[in-house]
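*Asks:* quick one: sequence and predicted model below, then my questions.
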There are 2 protein chains.
Amino acid sequence: MSERFNIVIADDHPLFRSALRQALGNAYPDTTWLEAESADTLQQTLDNNSQLDLIILDLQMPGSHGYSTLIHLRSHYPAIPVVVISAHEDTKTIAKAMHYGSCGFIPKSTSMEDLAAALDLILQGETWLPAGLDLSKEDISEDGDFANRLAELTPQQYKVLQMFGEGLLNKQIAYDLEVSEATIKAHATAIFRKLNVRNRTQAVIALSQLEVNNPVL
Amino acid sequence: MSERFNIVIADDHPLFRSALRQALGNAYPDTTWLEAESADTLQQTLDNNSQLDLIILDLQMPGSHGYSTLIHLRSHYPAIPVVVISAHEDTKTIAKAMHYGSCGFIPKSTSMEDLAAALDLILQGETWLPAGLDLSKEDISEDGDFANRLAELTPQQYKVLQMFGEGLLNKQIAYDLEVSEATIKAHATAIFRKLNVRNRTQAVIALSQLEVNNPVL
DNA sequence: ATCCCCCTTAGCCAAAAGTCTAATATGGGT
DNA sequence: ACCCATATTAGACTTTTGGCTAAGGGGGAT
């Protein structure tokens, strides 16, 4: 055991990140821990590290719309397993996380011992779920179409879409990403085509359908 | 007892509307029941009936964003009590409904006897909540600012905002409402000013913050 | 009668959004 | 070496959006 793993903790709460890191540090002494506080910094972490073994992902992060980050990760980095960790723990939330390619679901209420046991399984390529769960009743599939469309976006397009979701103008996005406004427009057109919408407002509406606990789904 | 009441049932599920109506018809034989299946038809019902005694409101309706309808009703028809009825029944959802001016909260799992008893109280001007509830832990107040701003919208402005939320163009909205595009633009400018946003995308984003079970709040 | 609010509309203008073509650059894979 | 996906940009263009001014009509309240 105890290989040299590279594990990312993506959660917007600093206290939770360090608690998780500390709790698991004993069980995995040779592991390199990386932290990301937003979808943005998570993307940077992915860009800068080629050998990642696991992403521990919170569903609520600034600049991320619920499951959208999970969908994007699974489609563009299929080799890296993602385990979702969340304060929500109803079966629907869990079923959706699994449906979108998570290799496990860890409620934040999980004890630290269970957590270490869960990581063991997951790092071996298994899946892990809280005990005593019946997901058979949960029928997802509704928005499968949009999820597939979202998965077609390139990383940069995905980033631009997220910034649409923050209400930014093309000009502001171009400034933030340090590219020209023409580039943003080009991305926008590509995004709309892939998502099958006509303008940015419809794109944002579609994106918000992936919010955690959205009653629509 | 048994006055002549006018009660509106606003729920997008036809089966549920008739079930409710049938169940309560016995307890309130002289009551006129009105049904609305969307925020739109609810608005029409309000326009056409001056003497309404109660609105039974589901939080999930087509063209309505969670609490936005409740906020709008309470600000523009303060004399008409609104009781929220919902499949969600966590304390946060309930606390928010009460915070936004609901005079009660009825989970859809409530028995028909309890339901009749609840209506009795509510029609007397009292409030009603499921037994054994502790809302003291729930702290809302976060988006009070936006709720106040939303309450400033006139009925027509509110309707236009909802259609922004459906991703419609000014041209389409004008056609649907049978007014000119100039009118929609005038409403749009007023909406943005009242909501303190700069464009329609930001308005839609703000509106979606009022979604039921939105983790942001 | 008067005031005020809401709804309506037109016309003008500026800004932003969105489409299209065409071109360059880079990196990975075959 | 070559192909391909991605990212970048410019330029020209159309459409949509949004703000501003001005103005008329209707209804309710004082």
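*Replies:* Great, that's in hand.
*Asks:* what lies in contact with the longest helix seen in chain A?
*Replies:* The longest helix of chain A (DSSP state H) is helix A:181-195. Residues outside helix A:181-195 that contact it (Cβ atoms under 8 Å, 6 or more residues apart in numbering or on different chains): A:146, A:149-150, A:152-154, A:156-157, A:160-161, A:164, A:170-171, A:173-174, A:177, A:198-200, A:202-203, A:206. No exception for glycine: its C-beta is placed from N, CA and C like everyone else's.
*Asks:* restrict those residues to those near DNA strand C?
*Replies:* Restricting the contacts of helix A:181-195 to those touching DNA strand C (Cβ under 7 Å from any atom of the strand) yields A:170-171, A:198-200.
*Asks:* give me every residue that touches residue A:66.
*Replies:* By Cβ under 8 Å, 6+ apart, residue A:66 lies in contact with A:59-60, A:210-212, A:214.
*Asks:* show me which residues of chain A are close to DNA strand C?
*Replies:* Within chain A, the residues that sit near DNA strand C (Cβ under 7 Å from any atom of the strand) are A:169-171, A:182, A:185-186, A:188-189, A:192, A:198-201.
*Asks:* just send those back as JSON lines, with pLDDT too.
*Replies:* Formatted as JSON lines, these follow (pLDDT from 0 to 100):
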{"residue": "A:169", "pLDDT": "98"}
{"residue": "A:170", "pLDDT": "98"}
{"residue": "A:171", "pLDDT": "98"}
{"residue": "A:182", "pLDDT": "98"}
{"residue": "A:185", "pLDDT": "98"}
{"residue": "A:186", "pLDDT": "98"}
{"residue": "A:188", "pLDDT": "98"}
{"residue": "A:189", "pLDDT": "98"}
{"residue": "A:192", "pLDDT": "98"}
{"residue": "A:198", "pLDDT": "98"}
{"residue": "A:199", "pLDDT": "98"}
{"residue": "A:200", "pLDDT": "98"}
{"residue": "A:201", "pLDDT": "98"}
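*Asks:* kindly present those as CSV, with separate columns for neighbour count.
*Replies:* Shown next, in CSV, are the residues of chain A next to DNA strand C (neighbours: other Cβ atoms under 10 Å in any protein chain shown):
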residue, neighbour count
A:169, 17
A:170, 19
A:171, 10
A:182, 10
A:185, 13
A:186, 14
A:188, 19
A:189, 10
A:192, 16
A:198, 12
A:199, 14
A:200, 24
A:201, 23
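*Asks:* any part of the longest helix of chain A near DNA strand D?
*Replies:* Yes. Judged by Cβ under 7 Å from any atom of the strand, helix A:181-195 comes into contact with DNA strand D at A:182-183, A:185-187.
*Asks:* show me which pair in those residues is furthest apart.
*Replies:* The distance between the two most remote of those (Cβ to Cβ) is 9.9 Å, for A:182 and A:187.
*Asks:* residue A:33 in helix, strand or coil?
*Replies:* Three-state call for residue A:33 (DSSP: H, G, I helix; E, B strand; the rest coil): strand.
*Asks:* my read: it touches residue A:4, true?
*Replies:* No. Residue A:33 lies out of contact with residue A:4 (Cβ atoms under 8 Å); the separation is 11.9 Å.
*Asks:* more neighbours, these two?
*Replies:* Neighbour count, other Cβ atoms under 10 Å in any protein chain shown: between residue A:33 and residue A:4, residue A:33 has more, with 18 against 11.
*Asks:* list the contacts for the more buried one?
*Replies:* Counting by Cβ under 8 Å, 6+ apart, residue A:33 makes contact with A:7-9, A:21, A:24-25.
*Asks:* just among these, which is most surrounded?
*Replies:* residue A:9 (24 neighbours).
*Asks:* tell me the secondary structure at that one.
*Replies:* With three-state DSSP as the basis, the three-state label of residue A:9 is strand.
*Asks:* what's across from it in the sheet?
*Replies:* Assessed by DSSP bridges, residue A:9 has beta-bridge partners residue A:35, residue A:56.
*Asks:* I'd say it and residue A:34 touch.
*Replies:* Yes. Residue A:9 lies in contact with residue A:34 (Cβ under 8 Å); the separation is 7.1 Å.
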